[in-house]
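> sharing a model prediction with you, sequence too.
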Amino acid sequence: MSAAQKVQQHPVFIQAQNKVNYHLNQLDKELTKYPVLNMFEQHTQVPKTFLALGTVLLLALFHFINPLAAPISNLIGWALPAYLSFKALERPAPQDDVQWLTYWVIFGFFNLLESVALGLILYYLPWYYAVKTICVLYLQLPNFRGAETAYVLVFKPVLANVSGSSRALAPTDTVTAEGLRDRVNTATAD
C-alpha cells in the first residue's frame, strides 16, 4: 500500500473529505436558485460550485495585485447590491428599504473617503481595499444584513441626537418581564 493510499484511508482525511463534500453540496443547493449558473453548468459541463469558488479565488488573487484592488473592490461593492436593490424596489413591502438605503450611504462614504484622502489611507492602511471589501461584504450579504445592523446601532441613535427627536430612539424606561407580557397580551387581543 502506497503512502497516498494510507493517507486517503486515514479517518481524519475521510472526515475532512466528507465535510468538504457536505459544504460543496450545500453551496450547490444555494447556487441552483440562479438560472444563469444552471445554464452555465449545462453548456460547459463545469459544476457551478467550481465556477463560484474559482471566481472568489480569482477576485481574491486580484486583490493582491494592487492596481486591480480598487476596481475589484468597487465591483464587489456594486454588482450584487445593485441587483438586490432593484429587486427590493419591485417588492411592494418596504422590508429591505432600510438595508439598501443604509448600504448605499455607507458605500458612498467609502468612495468619498477614497476620493479625498486615498494616498493617506493607503499609506497608513496598505490593506485598505481588502478591509473595505470585507466590510462591504458584511454590509451587503443577506445572511449578515450588516447595513441594517449599522443603521439600528449607529446611525439611528446618532441621527436622533442630531435632529433632537426622541421618536427615533427606544424609550429609556426600564423594561420588565411583566411590562412585556402586558404589551404582548394587548397586541394579541387587538
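All right, it came through fine. Residues are numbered from 1 along each chain as shown.

> what residues of whichever strand or helix holds residue 156 count as buried?
Assigned by DSSP states H and E, residue 156 falls within helix 156-163. Neighbour counts over helix 156-163 (16 or more other Cβ atoms under 10 Å) mark residue 156 as buried. To be clear about C-beta, it is placed using only N, CA and C from the backbone, and glycine gets the same treatment.

> C-terminal to that helix, what's the next element?
Assigned by DSSP H and E, the successor of helix 156-163 is helix 177-189.

> identify the residues contacting that following helix?
Counting contacts by Cβ atoms under 8 Å, 6 or more residues apart in numbering, no residue outside helix 177-189 touches it.

> any idea how far that helix is from the chain center?
35 Å (Cα atoms, centre = their mean, to the nearest Å).

> just the CA atoms of that helix, as CSV, please.
Presented in CSV, the C-alpha positions along helix 177-189 are these (Å, rounded to 0.1, in the frame of the first residue of the first chain):
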residue,chain,number,x,y,z
ALA,A,177,-40.9,41.0,32.0
GLU,A,178,-44.3,41.9,33.3
GLY,A,179,-44.4,45.0,31.1
LEU,A,180,-43.5,42.9,28.1
ARG,A,181,-46.3,40.4,28.9
ASP,A,182,-48.8,43.2,29.1
ARG,A,183,-47.6,44.6,25.7
VAL,A,184,-47.9,41.1,24.1
ASN,A,185,-51.3,40.5,25.6
THR,A,186,-52.5,43.9,24.4
ALA,A,187,-51.2,43.3,20.9
THR,A,188,-52.7,39.8,20.6
ALA,A,189,-56.0,40.9,22.0
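
> would you map the helices across the protein?
3-9, 11-31, 35-44, 48-64, 66-90, 97-124, 128-140, 146-150, 156-163, 177-189 (DSSP state H).

> how about those in CSV, adding mean pLDDT?
As requested, the helices of the chain are arranged in CSV below (pLDDT from 0 to 100):
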stretch, mean pLDDT
helix 3-9, 86
helix 11-31, 92
helix 35-44, 90
helix 48-64, 86
helix 66-90, 89
helix 97-124, 90
helix 128-140, 90
helix 146-150, 91
helix 156-163, 86
helix 177-189, 72
